[in-house]
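**Student:** Give me the fold of what follows.
(one chain, ligands or ions: 1)
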Amino acid sequence: MGNGSVADPPIMSVLTKHFLGSTGLQTAALGLGTVKWGRNEGLKHAPFALPDDATCLRLLDAAEAAGVNLLDVAPAYGIAEERLGRLLAGRRDQFLLFSKTGEIFEGGQSSWDFSAAHTRRSVEESLRRLQTDRLEAVLLHCPREDVSVIRDTAALEVLHSMKAAGLIRAVGISTMSLAGGLAAVPLCDLVMVAWNTGFHEQQPVVEAAAAAGKGILLKKVLASGDLSAGGAVPAGMKALDYRLRSALGLPGHPVVIAGTITPSHLEENLAAAAAGAWPEAD
Ligand SMILES: NC(=O)c1ccc[n+]([C@@H]2O[C@H](COP(=O)([O-])OP(=O)(O)OC[C@H]3O[C@@H](n4cnc5c(N)ncnc54)[C@H](OP(=O)(O)O)[C@@H]3O)[C@@H](O)[C@H]2O)c1
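**Tutor:** A predicted model of the protein is given here:
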């Protein structure tokens, strides 16, 4: 206790920030995923109720205090964009907002539209819902047919033109396949791929992005919450630490986008990220 009347704040690690590829953006190694903040249908996660605003504010407060600045959201995440827009009032500049375009989730079903008109409208609607005049990144939210989205649709060109107009700081592609990830690297500023201790199929994308100076976001690092998936955990280590810290050892200073609606989970993830990459460099 300091002066005897006010409780000292908890000791908290503040995460180091690194440049995200060549975007000029600086991010902590842990980003906050918000799909469960806005949608609880059509997901791989165990059934859950949407969190209330107070819980989301607690998560934002804890994230900000620890130096987590990247919030990952999408129009397909139900009410997540609208909710973030409201909850970030007065503190929008403390965070980097990464949204997406292409996936539409309505009536419990996903559909995709990567036309020029939809892409423009989708980004404009994200700006409105998030109550902001620019997004730090917008990513193509690709379905399985990611190569044809990248090669055969107008969406990427539209995002680059919106970047040139100052509405978007960086253009990204969230892919599903190895071929899609490798096709994405030269065409955008950052890629988002799935990686975890039991799934390394897309690691060549991470390596190509690191070599090309592109930003790297990792999804599925916690196997959508099934910490028993992803191979044996080294003796003496907690599964969460092993899964999360292993991802931090990949090249290119990747950002792990871990989704959570549970404040105690965020604290665990922050502690694991603060401990740094595992195994530690010599
Ligand atoms: N196509 C795309 O672009 C795409 C696809 C998938 C995901 N994403 C993004 O990535 C984010 C992460 O989603 P993901 O599916 O890849 O999931 P993930 O990060 O692998 O796992 C998230 C799940 O792990 C649980 N969890 C988090 N911290 C935990 C902890 N310390 N201990 C135990 N469980 C924990 C969460 O439950 P609690 O909520 O209870 O903590 C949640 O159910 C999403 O929110 C979204 O922003 C993008």
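
**Student:** Do a quick rundown of the strands in the stretch 1-150 of the chain.
**Tutor:** 17-19, 26-28, 30-33, 70-72, 96-101, 103-106, 109-112, 135-141 (DSSP state E, counting those that start in this stretch).

**Student:** Quick one: the ones you listed as CSV, columns for mean neighbour count too.
**Tutor:** From N, CA and C alone the C-beta is placed, and that goes for glycine too. As requested, those are exported to CSV (neighbours: other CB atoms under 10 Å):
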stretch, mean neighbour count
strand 17-19, 15
strand 26-28, 20
strand 30-33, 25
strand 70-72, 26
strand 96-101, 27
strand 103-106, 16
strand 109-112, 13
strand 135-141, 26
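
**Student:** Model confidence score at the nearest residue to Gly225 once chain neighbours are set aside, please.
**Tutor:** Excluding the flanking residues, the one nearest Gly225 by CB to CB, 6 or more residues apart in numbering is His45, at 5.6 Å. Looking at His45, its pLDDT is 85.

**Student:** Isn't His45 up against Ala223?
**Tutor:** No. Counting by CB atoms under 8 Å, His45 stays clear of Ala223, with 10.3 Å between them.

**Student:** of the two, who's got more company?
**Tutor:** The neighbour comparison of His45 against Ala223 (other CB atoms under 10 Å) goes to Ala223, with 18 against 13.

**Student:** Point me to the residue of the stretch 51-200 of the chain nearest the ligand.
**Tutor:** Of all residues in the stretch 51-200 of the chain, Ser174 sits closest to the ligand, at 3.4 Å by CB to the nearest ligand atom.

**Student:** Give me the number of neighbouring residues for that residue.
**Tutor:** Ser174: 26 surrounding residues under other CB under 10 Å.

**Student:** Just grab the bridge partners of it for me.
**Tutor:** Here Ser174 sits in beta bridges with His141, Met192, going by DSSP bridges.

**Student:** residues in contact with Arg245?
**Tutor:** Arg245 sits next to Ala272, Ala273, Ala275, Gly276, Ala277, Trp278 when contact means CB atoms under 8 Å, 6 or more residues apart in numbering.

**Student:** go again using 6 Å as the cut-off
**Tutor:** By CB atoms under 6 Å, 6 or more residues apart in numbering, the contact set of Arg245 is Ala272, Ala277, Trp278.

**Student:** What sits closest to it if chain neighbours are left out?
**Tutor:** Computed as CB to CB, 6+ apart, the closest residue to Arg245 that is not its neighbour in sequence is Trp278, at 3.6 Å.

**Student:** Quick check: which element contains that neighbour?
**Tutor:** Here Trp278, judged by DSSP states H and E, is contained in no helix and no strand.

**Student:** can you check Ala210 too?
**Tutor:** In this assignment (DSSP H and E), Ala210 forms part of helix 203-211.

**Student:** right, is that helix up against the ligand?
**Tutor:** No. Helix 203-211 does not reach the ligand (CB under 6 Å from any ligand atom); its nearest approach is 13.6 Å.

**Student:** For the stretch 51-200 of the chain, just list every one of the helices.
**Tutor:** 53-66, 80-87, 116-129, 146-152, 155-164, 178-184 (DSSP state H, counting those that start in this stretch).

**Student:** That concludes my questions; thank you for your assistance.
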